[in-house]
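>>> compute the structure for the input listed below.
(2 chains)
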Amino acid sequence: DAGVIQSPRHEVTEMGQEVTLRCKPISGHNSLFWYRQTMMRGLELLIYFNNNVPIDDSGMPEDRFSAKMPNASFSTLKIQPSEPRDSAVYFCASTRGGKYETQYFGPGTRLLVL
Amino acid sequence: AQSVTQPDIHITVSEGASLELRCNYSYGATPYLFWYVQSPGQGLQLLLKYFSGDTLVQGIKGFEAEFKRSQSSFNLRKPSVHWSDAAEYFCAVYSSASKIIFGSGTRLSIRP
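Numbering: from 1, shown residues only, chains lettered A, B, ... in the order given. So this is what the prediction gives:
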């Protein structure tokens, strides 16, 4: 079975550019999570979707960040405009049930904003 | 506010030795507790979880953890580590009233 798929795996961009990260959850899973991992702040939950609806976006750092889940098999995390402090590894995870179920993580997207 | 503390940033143990990674949480009610492992360049993988019931939880790869309410702890243990256990380990608390909170992680190195 395919796990959570994220693309791209690596992204290097210049400050001010728009960045779009993509995630395909495991088929049949109905909850999806976006995380950011940095050395300074560790692993932070950014946003959580259940049945394609955003349930908790309190972790989204600011208006430059937005996330969508147009259907059960696809989600995007967009940063516009990007800043060097956005450099991090961004993980997507999915669960079969709600947020208390086992989360299956994707391999992550390593983002570097110059 | 809910929080998770992993007091050890980095631990080195010899291959074959026993291991205990510490996790302390702060939460008023019974929390949902998890341990995840992250290998270099990879996402996190669930090792085990505690919701209720038996306070000693068995997980994958020979790991176990014990929930101790009196100490607000959920320490991860393994009787004999293997070189492949070298990774970063994260404790997490999922509470009904707040979002998921991860500890800062403990990096485990294995001495040959």
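>>> from here on, contacts and neighbour counts on C-alpha atoms
Will do.
>>> is residue 74 bridged to anything, and to what?
All of this is about chain A. residue A:71 (DSSP bridges).
>>> should've been chain B
Applying DSSP bridges, one finds that residue B:74 bridges with residue B:67.
>>> ok, it to chain A distance?
Summarising the geometry, the distance separating residue B:74 from chain A, computed by CA to the nearest CA, to the nearest Å, is 17 Å.
>>> before we move on, what about residue B:14?
Counting by CA to the nearest CA, the gap between residue B:14 and chain A amounts to 26 Å.
>>> helix or strand for the residue in chain A positioned nearest to chain B, which one?
Nearest residue of chain A to chain B (CA to the nearest CA) works out as residue A:107 at 4.7 Å. Under DSSP states H and E, no helix or strand contains residue A:107.
>>> contacts only, for it.
If a contact means CA atoms under 8 Å, 6 or more residues apart in numbering or on different chains, then residue A:107 has A:4, A:5, A:6, A:9, A:91, B:41, B:42, B:43 as its contacts.
>>> any low-confidence regions in chain B?
Within chain B, the set of residues satisfying pLDDT under 70 comprises B:95-99.
>>> how about the residues of it by chain A?
Within chain B, the positions adjacent to chain A are B:32, B:41-46, B:94, B:99-105 by CA under 8 Å from any CA of the partner chain.
>>> for the residue nearest the centre of chain A, list the residues it contacts.
In chain A, the C-alpha nearest the mean C-alpha coordinate belongs to residue A:34, at 3.2 Å (CA atoms, centre = their mean). Counting by CA under 8 Å, 6+ apart, residue A:34 makes contact with A:45, A:46, A:47, A:48, A:77, A:90, A:91, A:92, A:93.
>>> picking that back up, show me the contacts of residue A:107 that map onto strands.
Counting by DSSP state E, the members of the contacts of residue A:107 that fall within strands are A:5, A:6, A:91.
>>> which among the residues you listed end up buried?
Buried by 16 or more other CA atoms under 10 Å in any protein chain shown: A:5, A:6, A:91, out of the ones in strands among the contacts of residue A:107.
>>> which of these are close to chain B?
When contact is defined as CA under 8 Å from any CA, those meet chain B at residue A:91.
>>> let's have the buried ones among the ones in strands among the contacts of residue A:107 in JSON lines, adding distance to residue B:2 and pLDDT.
What follows is those, written out as JSON lines (distance: CA to CA, whole Å; pLDDT from 0 to 100):
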{"residue": "A:5", "distance to residue B:2": "31", "pLDDT": "96"}
{"residue": "A:6", "distance to residue B:2": "30", "pLDDT": "96"}
{"residue": "A:91", "distance to residue B:2": "23", "pLDDT": "96"}
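>>> mind putting the buried ones among the ones in strands among the contacts of residue A:107 in a markdown table, distance to residue B:72 included?
As requested, those are arranged in a markdown table below (distance: CA to CA, whole Å):
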| residue | distance to residue B:72 |
| --- | --- |
| A:5 | 36 |
| A:6 | 36 |
| A:91 | 28 |
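>>> from the buried ones among the ones in strands among the contacts of residue A:107, which is closest to residue B:75?
Proximity to residue B:75 was ranked across those by CA to CA; first place goes to residue A:91, at 25.1 Å.
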